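S.K.: Build me a model:
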Amino acid sequence: MKTRRFHWSGAKQTAAAIRAWSAAGLPTVDVSGIEAEVRNGGDAALLRLTARFDATERAPQSVRVDTAAIEAALASLDTGLRESLELAIANVRTVAAAQIDPQPRAAQLPQGHTVTVREAPVGAVGIYAPGGRAAYPSSVLMGAVPARVAGVERVVLATPPGPNGAVPSPVLAVAALCEIDEVYAVGGAQAIFALAYGTESVAAVDVVAGPGNAWVREAKRAVSGIVGIDSLAGPSELMLIAGHDVDPGWAALDLCAQAEHGADGPLVVASVEAAVLDAVEAAAERAAGERVEIGDAPLALVHIADSDAAIDLANAFAPEHLELLEQDAALLADRVTTAGCVFAGNHSATAFGDYVAGSNHVLPTGGAGRFSGPLGPHAFRRRIATVEVPPEAAAKLAPHVDTIARAEGLPVHGESAMIRAKDSK
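M.R.: Here you go, the predicted structure:
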């Protein structure tokens, strides 16, 4: 691995130094050209871009995957894999359902009126799942299940085709298990633009969600405001806080597991004991072995003074995944305020959250945990406020409306309220 020791210079300064070091040399991404092609060229542009960026050996003839192919994929799914995927779907559904409050939140105000805030699902959602040379059925269920729990009527999937031009069978099978309405064999930035703007085959959606590479992330940034997005989830990252009794082999495998997603996401290990850092570093090098994609991953090692400094660093760094491999992990977890997902205790590997724990693996990266969190049903719901002002409340409120409106130079606002106050007498 590409390893560097960082000297403690305060939580914010150390976190910033790690981010700058791990990002050094990464290419800049400009998706404006792809956006213009998709908006102007529709399906023809999608097929052309797919042939260029995704299915390098055989391009699909249509962007939409036939329903029969999806049904066949489910029928041929390995029994053991189906059992595991259904467990993951059930657990993600349970956690998502626990986040939904079916009761509108009504506030009774002292003047006698009420304001009720309720939630309603958006009409259509586009789930993006990475793919191409690999297949990620887990990303399909992580997006589709919360959308269904949220009550979304139309859920569609966009995912890159494999080298043969077809979407991998496990991905199609999970789409069937999650009752996804449409599947499109399109990946990358072009998929995001198709979902946001629509083409001849792809009807535009209201929200786009799901993880992806830098191109997908920048495309989501570009369409934010045209559609809703869940977050700018980019390259996977992991921070470990390792106690004196940590198993270096376990920690090393956790680091290497995240590095399997690519070498452009930072890995961080913080420990009070320098010997622990040495042991984890050596174990990680052994675990990485000859795997090039893991061997190039940036691994930052930070020697800290105590557990308080470790939590300060975690809160400043805001990692996507934070593992607390400490005896008092549960107590430390309560003090974490910015991580996308916290895994507390030596047995709580990030891999459980990636697949079957029920938590969502679509998480904020790049420090975005400071203002966002895991993908959940609320990403697919919108709030609607209803105001009910009876005559008595109108009489009490109108003079205040009139006063504020005139101060802002908008007197008709005041007149609109005052006429109702006069009518209530």
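S.K.: where's the closest residue to residue 187 other than its chain neighbours relative to residue 322, distance?
M.R.: Nearest residue to residue 187 in three dimensions, chain neighbours excluded: residue 160, at 2.6 Å (CB to CB, 6 or more residues apart in numbering). No exception for glycine: its C-beta is placed from N, CA and C like everyone else's. Separation of residue 160 from residue 322 (CB to CB, to the nearest Å): 30 Å.
S.K.: Can you pull the phi and psi angles for residue 58?
M.R.: Main-chain torsions, residue 58, degrees, to the nearest 10: phi -150, psi 120.
S.K.: ok, it touching residue 185?
M.R.: No: using CB atoms under 8 Å, residue 58 makes no contact with residue 185, being 11.2 Å away.
S.K.: So which of these two has more stuff around it?
M.R.: residue 185 (30 against 13; other CB atoms under 10 Å).
S.K.: Check which helix or strand residue 385 maps to.
M.R.: strand 381-388 (DSSP states H and E).
S.K.: anything in contact with each of residue 58 and residue 185?
M.R.: residue 165 (CB atoms under 8 Å, 6 or more residues apart in numbering).
S.K.: now residue 5, what's its secondary structure?
M.R.: At residue 5 the chain is in strand, as set by DSSP: H, G, I helix; E, B strand; the rest coil.
S.K.: Name the helix or strand of the chain that has the lowest mean pLDDT.
M.R.: Least confident helix or strand, the chain: helix 292-295 with a mean of 67, by mean pLDDT, DSSP states H and E.
S.K.: Now the element after it, going C-ward?
M.R.: Per DSSP H and E, the helix or strand that comes after helix 292-295 is strand 298-303.
S.K.: Look up the closest residue to residue 246, ignoring the ones flanking it.
M.R.: residue 325 (4.5 Å).
S.K.: That neighbour: neighbour count?
M.R.: 26.
S.K.: Could you check how far it is from residue 8?
M.R.: 19 Å.
S.K.: Residue 102: neighbouring residues, count only.
M.R.: Under the criterion other CB under 10 Å, the count of neighbours that residue 102 has is 6.
S.K.: That should have said residue 75, apologies.
M.R.: 10.
S.K.: what do you get for residue 386?
M.R.: 11.
S.K.: list the contacts for the residue nearest to residue 99 when sequence neighbours are not counted?
M.R.: In this structure, residue 99 finds its nearest non-sequential neighbour in residue 376, 5.2 Å apart by CB to CB, 6+ apart. Taking CB under 8 Å, 6+ apart as the criterion, residue 376 is in contact with 96, 99, 146, 360.
S.K.: shouldn't the last one be in contact with residue 147?
M.R.: By that I understand residue 360. No: with contact defined as CB under 8 Å, residue 360 does not reach residue 147; the gap is 11.4 Å.
S.K.: The two: who's more crowded?
M.R.: Taking neighbours as other CB under 10 Å, residue 360 and residue 147 compare with residue 147 leading, 30 against 25.
S.K.: a strand runs through the more buried one, doesn't it?
M.R.: No: looking at residue 147 with three-state DSSP, it is helix, so not inside a strand.
S.K.: quick one, what contacts residue 340?
M.R.: Neighbour list for residue 340: 318, 319, 320, 321, 322, 363, 364, 365, 369, 373, 374 [criterion: CB under 8 Å, 6+ apart].
S.K.: ignore the last one, residue 63
M.R.: 43, 46, 47, 50, 184, 185, 186, 194, 199, 201, 202.
S.K.: Verify the contact between residue 352 and residue 345 for me.
M.R.: No: using CB under 8 Å, residue 352 is not in contact with residue 345, being 10.9 Å away.
S.K.: overlap in contacts of those two?
M.R.: Here residue 352 and residue 345 have no joint contacts, going by CB under 8 Å, 6+ apart.
S.K.: measure the residue nearest in space to the middle of the chain to residue 374 for me?
M.R.: Taking CA atoms, centre = their mean, the centroid of the chain lies closest to residue 362, which sits 3.3 Å from it. Residue 362 is 7 Å from residue 374, where distance means CB to CB.
S.K.: residue ranges with poor pLDDT in the stretch 101-250 of the chain?
M.R.: Residue ranges of the stretch 101-250 of the chain with pLDDT under 70: 133.
S.K.: Now do the domain split for this structure, please.
M.R.: With domains defined by automatic domain parsing, the chain comprises 2-26+235-372, 32-231, 389-423.
S.K.: first vs last residue of stretch 370-385, how far apart are they?
M.R.: 27 Å (CA to CA, to the nearest Å).
S.K.: buried residues in it?
M.R.: 372, 373, 374, 375, 376, 377, 378, 379, 380, 381 (16 or more other CB atoms under 10 Å).
S.K.: Counting only strands, which of those residues make the cut?
M.R.: Those of these mapping onto strands are residue 381, per DSSP state E.
S.K.: Dump the buried residues of stretch 370-385 into a markdown table; add distance to residue 282 and pLDDT as well.
M.R.: A markdown table is the format used below for the buried residues of stretch 370-385 (distance: CB to CB, whole Å; pLDDT from 0 to 100):
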| residue | distance to residue 282 | pLDDT |
| --- | --- | --- |
| 372 | 35 | 91 |
| 373 | 35 | 93 |
| 374 | 33 | 94 |
| 375 | 36 | 95 |
| 376 | 38 | 96 |
| 377 | 43 | 96 |
| 378 | 43 | 95 |
| 379 | 41 | 95 |
| 380 | 45 | 97 |
| 381 | 48 | 95 |
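S.K.: ok, of the buried residues of stretch 370-385, which one's closest to residue 136?
M.R.: If you rank these by distance to residue 136 using CB to CB, residue 375 comes first, at 14.1 Å.
S.K.: how deep is residue 99 tucked in, by neighbour count?
M.R.: By other CB under 10 Å, neighbour count at residue 99 equals 14.
S.K.: Was I right to think it contacts residue 378?
M.R.: Yes: at 6.6 Å, residue 99 and residue 378 qualify as touching, with contact defined as CB under 8 Å.
S.K.: out of everything not next to it in sequence, what's closest to residue 379?
M.R.: In space, residue 379 is closest to residue 230, 4.5 Å off (CB to CB, 6+ apart).
S.K.: Helices of the stretch 151-300 of the chain, start to end?
M.R.: When assigned using DSSP state H, counting those that start in this stretch, the helices of the stretch 151-300 of the chain occupy the ranges 169-177, 188-197, 214-223, 248-259, 274-288, 292-295.
S.K.: elements contacting the second one?
M.R.: Packed against helix 188-197 by the contact rule (3 or more CB pairs under 8 Å, 6 or more residues apart in numbering; DSSP states H and E) you find helix 32-53, strand 124-128, strand 154-159, strand 207-209, helix 214-223.
S.K.: Out of the ones you listed, which is closest to residue 234?
M.R.: With CB to CB as the yardstick, what comes closest out of those is helix 214-223 (4.5 Å).
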